[in-house]
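K.L.:
any chance you can model this:
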Amino acid sequence: MTDLSPSPDDLEQARALLARDSHARQPETPGLVPLAAALQALRRAKGTGEGITDEELLAAHDALHAAGSSVRHEGTLGALALALVERGVVPASEDYEGLWYFWWPKKAHGPCRDCRKQRALTRYSGFYGDEYRYLCARCRREEREGNAREAARLREAPAAARDTAPAAPAPPSDDQWSTYATELHEMLAPLEWAGWALPEGWDSEWDATVGPLLFETVWRGDAALNVEYRPGEQVLELQPWEDVTGDFPESFTVLGETVRLQAADTPEAAQARLAERAGELGLLDATRARPADTLPEELQQDFAARRLGRLFEPAADYRQLPLEKVLKEAIQHPWLSAYLNWVVSISGRHVQPDVVPDAAAVGVAAWCWRNDTAVEEHHLATDVLMARVNIAVTQAIQPHINPVEGVDWDAIEQALTDPQWALPDGTTIASLFGISWPHVRTTVVAQLAKWRRAEDELLGPETTLALLTIGGSTDYTHSWWGQGRWQAICRRIVDDALHSQITLPQPYNYQGPEALVRDLARPDLLSDEVLRWLIDMPEGGTGGPRGLRFHPITSPPVHVWAPYGWEPDIDAAS
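P.N.:
Coordinates of the predicted model:
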């Protein structure tokens, strides 16, 4: 075996890498050896200098994994794992205490476990006795078909076994199936409100072992996920969707792993449980997706054109005009063109044109109240007070946005200009702006009127909602209350504070973190001290945990799209 002792250059590179990534304590030179050896192994795996065997590469990975947290650089560990998958080296399911999937890649390119051909690979979980494995799309399709045949064979027990086996329970009646479907639909209501199209009917199966099973693919635009409900076990699963046949090249899954939820005792509790988990996964906010960086320019342009088409096709239907004519009018519109250029094409460039009412409410708050009005000209006294007003604005708008009926502009105008409109403590919004309130009111009314005219004359209700959804899903509003990820964001901030031994704000230093996370669902009802803590985490210091203003958790997940079966043309690229 070739010696993997790192050179002085390797050690210096390791030291620089840890310094760049803000490791607080720099280990002495002996402690740097695992990381330096890993960097050397990666360089050799890429063909720079002397080659490296699979065993040596795996040894470098294992040594870095076993190293202390001060030198176990996660990016380098993941790069070693990727290099190993590219060579067909994959751990057994129980290796590394069964947790290796946290840093090994979900997607890779290398030899498929079954056909051994160099393919684009996806890692699949170890369900039903299977091991974790990396398969190409073709072999995964064959595996699923084989599993289905085996399950059918096992259900057909030999006659002798059937004669001696206990009587199996009867299949559900039509009424029972209907009840199960209703239960499932009620549980998924938060997804439906967020624009996911629930099927009119669910595929179903039954056998004596599994019991009743309902399943189907749920779509929102080009985004997809699979839903499976087992009423007998009271288990709901949200599963990754796969285009195993290549029939949906424009589509993509929004889940990387199966999410398993135990149904609750009541429909309301089941909805709440689903909403919390779906919100954490970003399923209650607009989908964000971008084309893979490795795609050729024409495919990236196709992705952008499809997004634009999805955005304006409802407007073309509303106007009964060709899509090209509606697009031309929108691009030439005196103020909408600026919104398209900045909000849709730059700040919200990855946001898909979904209709998500809660995100659209944030969009109205951002672009009919906070921006392009006199609100910004008349700053309130503190950021906490501005946050309270932003929350109050979003709350006032939410009841007047409906995915079917659209935006009730008159009701929103009345709500946002009511002189008695007040914060929970009774302070009226008008009084906060003092003598500037008439100017604020006039400019807000004008901005609402612009959007109302654009909807009536050019866009129609669906495209208007999609544009406002994008407007409520940009970098500008990532930390705003009203988004589906709000509770998950708050929980992460609280967890980070606890991990860094930062004291929770009163009274939660006594009531505990769960009470704080629960009450942050309505931050407008909390004290200034709590909101200030949430926004800026004053005790965090320059290197400590962050509050809402700078915490990376506020950046939502962005999915990557590539058409089914696409692989880069290596010969052409070279």
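K.L.:
every contact and neighbour count from this point should use C-alpha atoms.
P.N.:
OK.
K.L.:
do a quick rundown of the strands in the stretch 151-300 of the chain.
P.N.:
203-207, 211-220, 223-230, 235-239, 252-253, 259-262, 289-291 (DSSP state E, counting those that start in this stretch).
K.L.:
roughly how far apart are Lys328 and Glu462?
P.N.:
18 Å (CA to CA, to the nearest Å).
K.L.:
mind checking which of the two has more residues around it?
P.N.:
Glu462 (24 against 11; other CA atoms under 10 Å).
K.L.:
need phi/psi at that one.
P.N.:
Main-chain torsions, Glu462, degrees, to the nearest 10: phi -70, psi -50.
K.L.:
looking at it, it is touching Ala316, isn't it?
P.N.:
No - if you go by CA atoms under 8 Å, Glu462 and Ala316 don't touch, sitting 10.6 Å apart.
K.L.:
what residues are shared contacts of the two?
P.N.:
Between them, Glu462 and Ala316 share no contacting residue under CA atoms under 8 Å, 6 or more residues apart in numbering.
K.L.:
in stretch 291-299, what counts as buried?
P.N.:
Of the residues in stretch 291-299, Pro291, Leu295 count as buried by neighbour count, 16 or more other CA atoms under 10 Å.
K.L.:
mean confidence for that stretch?
P.N.:
Averaging pLDDT along stretch 291-299 gives 92.
K.L.:
also stretch 277-288?
P.N.:
The model assigns stretch 277-288 a mean pLDDT of 96.
K.L.:
chain center to it, what's the gap?
P.N.:
Computed by CA atoms, centre = their mean, to the nearest Å, the chain-centroid distance of stretch 277-288 equals 5 Å.
K.L.:
just the endpoints, please. Distance across it?
P.N.:
18 Å.
K.L.:
and it, what's buried?
P.N.:
Here stretch 277-288 shows Arg277, Ala278, Gly279, Glu280, Leu281, Gly282, Leu283, Leu284, Asp285, Ala286, Thr287, Arg288 as buried, counting by 16+ other CA under 10 Å.
K.L.:
wait, Arg349 touches Asn341, no?
P.N.:
No - Arg349 lies out of contact with Asn341 (CA under 8 Å); the separation is 9.7 Å.
K.L.:
when the two are compared, which one has more neighbours?
P.N.:
The residue with more neighbours, out of Arg349 and Asn341, is Arg349; 20 against 14, by other CA under 10 Å.
K.L.:
phi and psi next, for that one.
P.N.:
According to degrees, to the nearest 10, Arg349 has phi -60, psi -30.
K.L.:
spit out the contact partners of Val444.
P.N.:
Val444 touches Cys368, Trp369, Thr373, Ala374, counting by CA under 8 Å, 6+ apart.
K.L.:
make it 6 Å
P.N.:
Residues counted as contacts of Val444 (CA atoms under 6 Å, 6 or more residues apart in numbering) are Cys368, Trp369, Thr373.
K.L.:
quick check, pLDDT for it.
P.N.:
97.
K.L.:
for it, give its distance to Val384.
P.N.:
Distance from Val444 to Val384, by CA to CA: 22 Å.
K.L.:
same deal with Asp372?
P.N.:
The value you get for Asp372 to Val384, if CA to CA is used, is 21 Å.
K.L.:
compare these two (neighbour count), which wins?
P.N.:
Val384 (20 against 15).
K.L.:
and the more buried one, what are its phi and psi?
P.N.:
According to degrees, to the nearest 10, Val384 has phi -60, psi -40.
K.L.:
how about Thr477?
P.N.:
phi -110, psi 10.
K.L.:
what's the one helix or strand Asp62 maps to in contact with?
P.N.:
If you go by DSSP states H and E, Asp62 is part of helix 54-66. For helix 54-66, the external contacting residues (CA under 6 Å, 6+ apart) are Pro34, Leu35, Ala38, Arg72, Leu80.
K.L.:
buried only: go through those residues for me.
P.N.:
Neighbour counting with 16+ other CA under 10 Å marks Pro34, Leu35, Ala38, Arg72, Leu80 as buried within the contacts of helix 54-66.
K.L.:
can you pull out the helices in the stretch 1-150 of the chain?
P.N.:
Using DSSP state H, counting those that start in this stretch, the helices of the stretch 1-150 of the chain run over residues 8-20, 29-45, 54-66, 74-86, 137-155.
K.L.:
just send the ones you listed back as CSV, with mean pLDDT and distance to Pro357 too.
P.N.:
Below are the helices of the stretch 1-150 of the chain laid out as CSV (pLDDT from 0 to 100; distance: least, CA to CA, whole Å):
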stretch, mean pLDDT, distance to Pro357
helix 8-20, 79, 41
helix 29-45, 82, 47
helix 54-66, 91, 45
helix 74-86, 89, 38
helix 137-155, 56, 35
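K.L.:
right, and the ones you listed - which one's nearest Ala430?
P.N.:
helix 8-20 (48.5 Å; CA to CA).
K.L.:
spell out which helix or strand contains the closest residue to Asp372 other than its chain neighbours, please.
P.N.:
Take Asp372 and drop its neighbours on the chain: the residue closest to it by CA to CA, 6 or more residues apart in numbering is Gln447, 7.3 Å away. Here Gln447 sits within helix 437-454, counting by DSSP H and E.
K.L.:
from the chain's centre, how far out does that helix sit?
P.N.:
Put simply, helix 437-454 sits 33 Å off its chain's centre (CA atoms, centre = their mean).
K.L.:
flag every buried residue along that helix.
P.N.:
So for helix 437-454, counting by 16+ other CA under 10 Å, buried means 437, 440-441, 443-449, 451-452, 454.
K.L.:
and stretch 116-124, by the same measure?
P.N.:
Arg119, Ala120, Leu121, Thr122, Arg123, Tyr124.
K.L.:
residues touching it, excluding its own?
P.N.:
Lys106, Lys107, Ala108, His109, Gly110, Pro111, Tyr132, Arg133, Tyr134, Leu135, Cys136.
K.L.:
for the residues you listed, which one is nearest Gly232?
P.N.:
Nearest member of the contacts of stretch 116-124 to Gly232, counting by CA to CA, is Tyr132, at 27.3 Å.
K.L.:
so what's the residue count around the closest one?
P.N.:
Residues near Tyr132, counting by other CA under 10 Å: 18.
K.L.:
let me know the average pLDDT across stretch 516-525.
P.N.:
If you average the pLDDT over stretch 516-525, you get 96.
K.L.:
list the buried residues for it?
P.N.:
Leu516, Val517, Leu520, Pro523, Asp524.
K.L.:
and of those residues, the nearest to Gly256?
P.N.:
Val517 (26.2 Å).
K.L.:
I'd guessed Leu135 sits against Pro111; true?
P.N.:
No - under the criterion of CA atoms under 6 Å, Leu135 is not in contact with Pro111, lying 8.3 Å apart.
K.L.:
neighbour-wise, which of those two wins?
P.N.:
Taking other CA under 10 Å, Leu135 and Pro111 do not tie; Leu135 has more neighbours (27 against 21).
K.L.:
and the more buried one, bridged to which residues?
P.N.:
Beta-bridge partners for Leu135, by DSSP bridges, are Thr122.
K.L.:
distance of the residue nearest the centre of the chain relative to His551?
P.N.:
Geometric centre of the chain, nearest residue: Gly282, 3.5 Å, by CA atoms, centre = their mean. With distances taken as CA to CA, Gly282 is found 17 Å from His551.
K.L.:
same question for Val444.
P.N.:
31 Å.
K.L.:
can you confirm Gln506 is in a helix?
P.N.:
No - per DSSP: H, G, I helix; E, B strand; the rest coil, Gln506 lies outside any helix segment and is coil.
K.L.:
okay, the helix or strand hosting Arg518 in PDB with CA atoms only?
P.N.:
Element membership of Arg518 [criterion: DSSP H and E] is helix 513-519. What follows is helix 513-519, C-alpha atoms only, in PDB (Å, rounded to 0.1, in the frame of the first residue of the first chain):
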ATOM      1  CA  PRO A 513     -37.600  26.100  24.600                       C
ATOM      2  CA  GLU A 514     -40.700  24.200  23.600                       C
ATOM      3  CA  ALA A 515     -42.900  27.000  25.100                       C
ATOM      4  CA  LEU A 516     -40.800  29.600  23.200                       C
ATOM      5  CA  VAL A 517     -41.100  27.800  19.800                       C
ATOM      6  CA  ARG A 518     -44.800  27.300  20.400                       C
ATOM      7  CA  ASP A 519     -45.400  30.900  21.200                       C
END
